[in-house]
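*Asks:* Predicted coordinates and the sequence they were generated for:
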Amino acid sequence: MNNDIKNVLIVGVGGQGVLLASEVLSETVMLAGLDVKKSEVHGMSQRGGVVTSHVKFGTKVYSPIIPYGQADIIVSFEQAEALRSIEWLKKNGLIATSRTRLVPPIASSGKFFYPDDPIAELKTKVSRVIALDADKIALELGNSRLVNILLLGVISGELGFDITILNDAIKARVKPKFVDINLLAFAKGQELAKESKTVSA
Amino acid sequence: MKNFLSGNEAVARGALEAGIRLAAAYPGTPSTEILENIADKFPSIYSQWSPNEKVAFEVGIGASLGGARTLVTMKHVGLNVAADPFMTFAYTGVGGGFVIVSADDPEMHSSQNEQDNRFYAKFAQIPFLEPSDSQESKDFVKLACEISEQFDTPVMLRMTTRISHSKGIVQEGEPIEPSAAGFKRDMNKYVMILSNARKRHAVVAERLEKLQKYSEETELNFVEDNGSDIGIITGGIAYQYAKDNLPEADYLKIGFGFPLPINKIRKFVDTHKTTLIIEELEPYYEEQIKAAGINIEGKKYFSNLGELSPYKVALGLKEAGIIDKVAMAEFEPEQLFPRPPVLCPGCPHRAPFMALKKLKVPVTGDIGCYTLAVLPPLNIMDTCICMGASIGNAIGMEKVNPDENGTAAVIGDSTFLHSGITGLLDAVYNKSNITVVILDNRITAMTGGQHNPATGQTLMGEKTKEVNLIELCKALGVESVHEVDPYDYQATLDVLKAELKRPGPSVVITNKPCVLMPKRIMGKPYEVILDECNGCSACFRIGCPAISTSTELTKRNRPKAVIDPLLCTGCSVCAQICKPEAIVLVEESVVVGK
């Protein structure tokens, strides 16, 4: 395995904006002059299925897929999906998840159940979890679509890039009139990550 | 300039840099975005959706014979539809360079089988190129055009889902101005009557010898010498998975996959202590390598089922004794509820399936969003084979086993126009007693919303004639053709019941558009009055993502229903089947003060 490869897995449910988050992250890597690959499977995902986006970067990236147990960071847009994704997580990896709860129709059928508190379960297994009411915070900032960039802000300290590069990537990938509000969401994410560290310490 | 492109975006860019003049296709995952990108970004290339892959291929042949560089794209099973012109075009050879993209779907992320189309190239005796990343996806389009013209043969560019839908950094090159050299009449070459075809088959055999020599020499099949005594023969995405695991091994990477460079392979095997073949899906390389008397293993360690992955390749390498251990997951995977894809909130296909379920008739199915009706909780579809198959399936089923309640075939508008018309003609001709339900949502929805001959718009955004499905069915000889509003559950149920019982073929066409594409349709949402809900669960069984269980329980401890107002489109189907009338329009409940 190449030792300098960093793996970020982004998970959510179709329609949540998983793909924009991985686009901005990939743009950041390109601006930093490193190699990057990204993989996701389209098709059925549009119809309420699970969406996972693998982003791998480093000096030289071969396959676009993150092996089990190798994700440095998992970003989740939905709390049960965070729990589902842990087989990808590295031993000391970080999970940043929204507390968003999306219960599919099948969980109303009586055959399957949505866990009562996925984040509590997650915390019994994984030591580094940041959970936040991303939808609510995004809405307070002015737009529910900011969840992407907010969560990216939360993990930004772990990526190893200069914050100015991340800001440049946001400017490059977001429509001009939404740049300011996205930069605000990004800064808010950074702030929340710091707070959460203070709390856990 | 560098850009971050998916394999499909890279093929589109490659088309620009190769001077492609015409591109034609029928949408199919994972190939769809190639033509979408060409139409969006490179309008200097004429691009079109055809009604099916066979027509797209034939349009492409015409363009190539007209002297233009040509691209046709399709998913793997699309090439089955286009196999007829494909096999014979291999005989005639080309005018302008001709590239067929076959986008295979190992793992069947969005397909009904995972056939390995590398065999198609061998079957037709034409070369294929196989990229391993986005850069090669772009570069190989132009190379394929050049090989096509040099050897007078169509060339396949074989993609897979993982290549088509993964992104990587691509160094872009200069575009070539598309041109068309003009058609040169040559009846001996292009008119495949037997006397000409026999001569052309001999030409194909001669061409193959030249291609064999090319395969041995081309840098598309290159050796990566890292001084290792382990050699890996691989191509496509499998190359990347192998490199993830064994960056320091030696490689013979196959980019030009038919004919295989057997001498190069023999030499590579002879100069390594251990050589393995790592290829996704079938033992395509392996069969030919073993047939040449070279005894090395591949499928013994790497499954032919589904996609490979870095993990699966690691497992195979361990079994082969190349590596000692495989990195495993650190944390136990969670057994959670599944999230199967479902019909969207407000989908116009929902009520027709509820009606068919109630009527308890055999329902032959087809390819499209509506195939999702087979999944819980709707569970109503008895067959799904290939595009257009529902109608023929129903005809045969009814002939041998007539059902007194009728036999239904369900098909979408785009699928009907793709290959359902001939099936319906058969139903008329052979006096079949089936009812064909055309779920006309006026878009090719499953692949992400593409135009088709019923939508009134071309791929390049021009207005065009809309086919009239009712008149079309009548013209085929169907005497009983009905249109119904699929949001009116009772009307849908009534017309289906009557038509299914009617002797002779009949057609029922639903007439409401997709709620997502081309534009999002959102009406006023409905809500559940919890005091009125008796927890009967009827609304849970229609599989609407906007409806879920409330935390509030009935006296008998059954969960009541709740509707997410952000997801509900106001289609009203759940309200129509709610016996206690607990589901009402949001504003109405405000008026009555509940």
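*Replies:* Structure's in. What do you need?
*Asks:* so what's B:Ala18 up against?
*Replies:* B:69, B:97, B:99, B:141-142, B:144-145, B:176 (CB atoms under 8 Å, 6 or more residues apart in numbering or on different chains). Placement of C-beta: from N, CA and C, glycine included.
*Asks:* Out of those residues, flag the one nearest to B:Phe416.
*Replies:* Set against B:Phe416, the nearest of those by CB to CB is B:Val99 (29.3 Å).
*Asks:* list the contacts for the closest one?
*Replies:* B:Val99 neighbours (CB under 8 Å, 6+ apart): B:18, B:20, B:70-72, B:141, B:144-145, B:148, B:154-157.
*Asks:* quick one: which helix or strand includes it?
*Replies:* strand B:98-104 (DSSP states H and E).
*Asks:* Tell me where the stretch 201-350 of chain B has strands.
*Replies:* Assigned strands in the stretch 201-350 of chain B, in chain order: B:221-224, B:230-235, B:250-254, B:256-258, B:274-278 (criterion: DSSP state E, counting those that start in this stretch).
*Asks:* Tell me what the residue most central in space within chain A is bridged to.
*Replies:* The structure's chain A has its C-alpha centroid closest to A:Val75; by CA atoms, centre = their mean the separation is 2.3 Å. Note on A:Val75: beta-bridge partners by DSSP bridges are A:Ile10, A:Ala96.
*Asks:* returning to that earlier point: list the strands paired with the strand holding B:Val99, with their directions.
*Replies:* strand B:70-75 (parallel), strand B:155-160 (parallel).
*Asks:* Mean confidence (pLDDT) on that strand, please.
*Replies:* The average pLDDT for strand B:98-104 rounds to 98.
*Asks:* Taking strand B:155-160 as reference, get the angle to the longest helix anywhere in chain B.
*Replies:* Longest helix in chain B, counting residues (DSSP state H): helix B:194-217. Using axes from the mean of the first three to the mean of the last three CA atoms, to 10 degrees, the inter-axis angle of helix B:194-217 relative to strand B:155-160 is 60 degrees.
*Asks:* And the contacts of helix B:194-217?
*Replies:* B:88, B:90-93, B:125, B:127, B:147, B:151-153, B:187-189, B:192, B:221, B:256, B:258-264.
*Asks:* Tell me the residues of the stretch 301-450 of chain B that contact chain A?
*Replies:* B:309-311, B:314, B:327-334, B:336-344, B:369, B:372, B:376-377, B:446-448 (CB under 8 Å from any CB of the partner chain).
*Asks:* Nearest to B:Phe42, out of the contacts of B:Val99: which one, please.
*Replies:* Of those, the one sitting nearest to B:Phe42 (CB to CB) turns out to be B:Ile20, at 8.7 Å.
*Asks:* Verify the contact between that closest one and B:Val141 for me.
*Replies:* Yes. Between B:Ile20 and B:Val141 there is a contact under CB atoms under 8 Å: 7.5 Å.
*Asks:* Pull up the overlap in contacts between the two.
*Replies:* What both B:Ile20 and B:Val141 touch, as defined by CB under 8 Å, 6+ apart, is the set B:71, B:99.
*Asks:* Which strands or helices does the biggest helix by length in chain A pack on?
*Replies:* Ordering each helix of chain A by length in residues (DSSP H) puts helix A:179-200 first. Applying 3 or more CB pairs under 8 Å, 6 or more residues apart in numbering or on different chains; DSSP states H and E, one finds that helix A:179-200 contacts strand A:128-132, helix A:134-141, helix A:147-159, helix A:163-173.
*Asks:* Now tabulate these in TSV and tack on mean pLDDT, distance to chain B and mean neighbour count.
*Replies:* TSV is the format used below for the helices and strands packed on helix A:179-200 (pLDDT from 0 to 100; distance: least, CB to the nearest CB, whole Å; neighbours: other CB atoms under 10 Å in any protein chain shown):
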stretch	mean pLDDT	distance to chain B	mean neighbour count
strand A:128-132	96	12	19
helix A:134-141	94	11	18
helix A:147-159	95	14	25
helix A:163-173	94	10	17
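*Asks:* How many neighbouring residues does the closest residue to B:Ile438 other than its chain neighbours have?
*Replies:* In this structure, B:Ile438 finds its nearest non-sequential neighbour in B:Ile509, 4.6 Å apart by CB to CB, 6 or more residues apart in numbering or on different chains. Using other CB atoms under 10 Å in any protein chain shown, B:Ile509 has 19 neighbouring residues.
*Asks:* How about the secondary structure of B:Ile509?
*Replies:* strand (DSSP: H, G, I helix; E, B strand; the rest coil).
*Asks:* How about the contacts made by it?
*Replies:* B:437-438, B:440, B:469-470, B:473, B:481-484.
*Asks:* hmm, try it at 7 Å
*Replies:* Each residue near B:Ile509 by CB atoms under 7 Å, 6 or more residues apart in numbering or on different chains is listed here: B:438, B:440, B:469-470, B:483.
*Asks:* so how far is the first residue of stretch A:153-171 from its last?
*Replies:* End-to-end distance of stretch A:153-171 (CA to CA, to the nearest Å): 14 Å.
*Asks:* Extract the C-alpha trace of the strand holding B:Val99 and format it as PDB.
*Replies:* Taking C-alpha atoms only, strand B:98-104 is exported to PDB below (Å, rounded to 0.1, in the frame of the first residue of the first chain):
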ATOM      1  CA  PHE B  98     -15.800   4.200 -36.100                       C
ATOM      2  CA  VAL B  99     -15.700   3.600 -32.300                       C
ATOM      3  CA  ILE B 100     -18.300   1.600 -30.400                       C
ATOM      4  CA  VAL B 101     -18.300   2.300 -26.700                       C
ATOM      5  CA  SER B 102     -19.500  -0.800 -24.800                       C
ATOM      6  CA  ALA B 103     -20.000   0.200 -21.100                       C
ATOM      7  CA  ASP B 104     -20.200  -3.000 -19.200                       C
END
